[in-house]
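> need a structure here:
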Amino acid sequence: MYKLKNAVGENLYTGIAGRGRVQERLLEHKELKRERIPGATRFQFTQRKTKEIAEKIEKKIIKKEQPKFNEQNK
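Numbering: from 1, shown residues only. Got it, this is the predicted structure:
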């Protein structure tokens, strides 16, 4: 799972990347217009044991932090 943050550390987007896709997802956010997250200058990632655990944590983060570019109440 990963977060895209702005220069002051505000969480702009939280997502999940499958095993071996972290770099690919970052490039998608950076290069593709439909995926672009304006102001994202920092990238933070953490590994979780399973996709299910990552999804639960992602939902909690989105609910708590309400990142600007995530669908809320996901």
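> Can you show me the strands along this protein?
2-5, 11-15, 42-45 (DSSP state E).
> Report the central residue of the protein.
Closest to where the C-alpha atoms of the chain average out (C-alpha atoms, centre = their mean) is residue 14, at 2.6 Å.
> what's the spacing between that one and residue 31?
20 Å (C-beta to C-beta, to the nearest Å). For the C-beta atoms, the positions are set from N, CA and C on the backbone; glycine is no exception.
> Show me what counts as buried in the helix or strand of the chain with the lowest mean pLDDT.
Across the helices and strands of the chain, mean pLDDT, DSSP states H and E gives its lowest value to helix 22-31, namely a mean of 79. The neighbour-count check on helix 22-31 (16 or more other C-beta atoms under 10 Å) flags 22, 25, 26, 29 as buried.
> and residue 8, how many neighbours?
Residue 8 has 8 neighbours, counted by other C-beta atoms under 10 Å.
> got the CA coordinates for the least confident helix or strand of the chain in CSV?
Output of helix 22-31 as CSV, limited to C-alpha atoms (Å, rounded to 0.1, in the frame of the first residue of the first chain):
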residue,chain,number,x,y,z
VAL,A,22,4.7,-0.4,-6.8
GLN,A,23,7.1,1.4,-9.3
GLU,A,24,4.6,0.9,-12.1
ARG,A,25,1.8,2.5,-10.1
LEU,A,26,3.9,5.4,-9.2
LEU,A,27,4.8,6.0,-12.8
GLU,A,28,1.1,5.8,-13.7
HIS,A,29,0.2,8.5,-11.2
LYS,A,30,3.1,10.6,-12.4
GLU,A,31,2.7,10.3,-16.2
